[in-house]
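>>> need a structure here:
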Amino acid sequence: MLPFFKPGLRMALFGARLLVAFAAPSLVFSAFAHETHPAAQKAASPDESAFLAENDAAMTKMMNDMAAKPSGDIDRDFVAMMAPHHQGAIDMAVIELRYGKNEQLRRIAQEIIVSQLQEIAAMKLAIGEQVVPSAPAPTQPDKAPVSEPAAHDHMNHMNMTHGTKN
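Sure thing, here's the model as predicted:
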């Protein structure tokens, strides 16, 4: 982007570029997702096979969810496409936490989860949608859902850490 544009204008231009990019039929994107992220092919281990299968499912869900029908409101359309994109990043980061061994990448995955959740919330708030508290991300496939009080405590911790109040 050109450096003389203000940050708000840069974001608006970015959003406009995304709207144009996602104007194509969802079939094209779905086919593209499957070509660039093939399902579990010749996995070296059961963990890698599970990782590849879960990642492929996350990518497919993200691409399908990003194919939002235009509403006539550019801002809402932007959020309707970007929220699933961010959720896809969260889902892939959770999968890294389940199967990844590299501590540096695991920390990056944790940061992705936090930052993408915050961005989804900020976008929804910007268009007047209510934001529901999030629960800690499960990192084990067989882990039971977290109880409501634990999810609330997690949000309080996030809000205190980032200077906002409930």
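
>>> which regions of this protein sit below the pLDDT cut-off?
1-41, 136-166 (pLDDT under 70).

>>> mind redoing it with 90?
1-44, 68, 131-166 (pLDDT under 90).

>>> and the helices in it?
Counting by DSSP state H, the chain has helices at residues 7-21, 26-36, 46-66, 74-99, 103-126, 148-161.

>>> what's the longest one packed up against?
Packing partners of helix 74-99 (3 or more CB pairs under 8 Å, 6 or more residues apart in numbering; DSSP states H and E): helix 7-21, helix 46-66, helix 103-126. Backbone N, C-alpha and C define where each C-beta goes, glycine included.

>>> at 6 Å instead, please
The contact analysis (3 or more CB pairs under 6 Å, 6 or more residues apart in numbering; DSSP states H and E) places helix 74-99 against helix 46-66, helix 103-126.

>>> quick one, the shortest one and helix 74-99 angle?
So that's helix 46-66. Angle of helix 46-66 versus helix 74-99, following axes from the mean of the first three to the mean of the last three CA atoms, to 10 degrees, is 170 degrees.

>>> in helix 46-66, what's buried?
Buried residues in helix 46-66, counting neighbours by 16 or more other CB atoms under 10 Å, are found at 50-52, 54-56, 58-60, 62-63, 65-66.

>>> ok so, going back, closest to Ile74 out of the helices and strands packed on helix 74-99?
Set against Ile74 and scored by CB to CB, these come closest in helix 103-126, at 12.4 Å.

>>> run the angle between that closest one and helix 74-99 for me.
160 degrees.

>>> using PDB, write down the CA coordinates of helix 103-126.
Extracted in PDB, the C-alpha atoms of helix 103-126 (Å, rounded to 0.1, in the frame of the first residue of the first chain):
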ATOM      1  CA  GLU A 103       7.500 -24.700  21.400                       C
ATOM      2  CA  GLN A 104       8.100 -21.500  19.400                       C
ATOM      3  CA  LEU A 105       5.300 -22.500  17.000                       C
ATOM      4  CA  ARG A 106       3.100 -23.500  19.900                       C
ATOM      5  CA  ARG A 107       3.500 -20.000  21.400                       C
ATOM      6  CA  ILE A 108       2.800 -18.400  18.100                       C
ATOM      7  CA  ALA A 109      -0.400 -20.500  17.800                       C
ATOM      8  CA  GLN A 110      -1.500 -19.300  21.200                       C
ATOM      9  CA  GLU A 111      -0.900 -15.700  20.200                       C
ATOM     10  CA  ILE A 112      -2.900 -16.300  17.000                       C
ATOM     11  CA  ILE A 113      -5.800 -17.600  19.000                       C
ATOM     12  CA  VAL A 114      -5.900 -14.600  21.300                       C
ATOM     13  CA  SER A 115      -5.300 -12.000  18.600                       C
ATOM     14  CA  GLN A 116      -7.800 -13.400  16.200                       C
ATOM     15  CA  LEU A 117     -10.500 -13.700  18.900                       C
ATOM     16  CA  GLN A 118      -9.900 -10.100  19.800                       C
ATOM     17  CA  GLU A 119     -10.200  -9.000  16.100                       C
ATOM     18  CA  ILE A 120     -13.400 -11.000  15.600                       C
ATOM     19  CA  ALA A 121     -14.900  -9.300  18.700                       C
ATOM     20  CA  ALA A 122     -13.700  -5.900  17.600                       C
ATOM     21  CA  MET A 123     -15.200  -6.300  14.100                       C
ATOM     22  CA  LYS A 124     -18.600  -7.500  15.500                       C
ATOM     23  CA  LEU A 125     -18.700  -4.700  18.000                       C
ATOM     24  CA  ALA A 126     -18.000  -2.200  15.200                       C
END
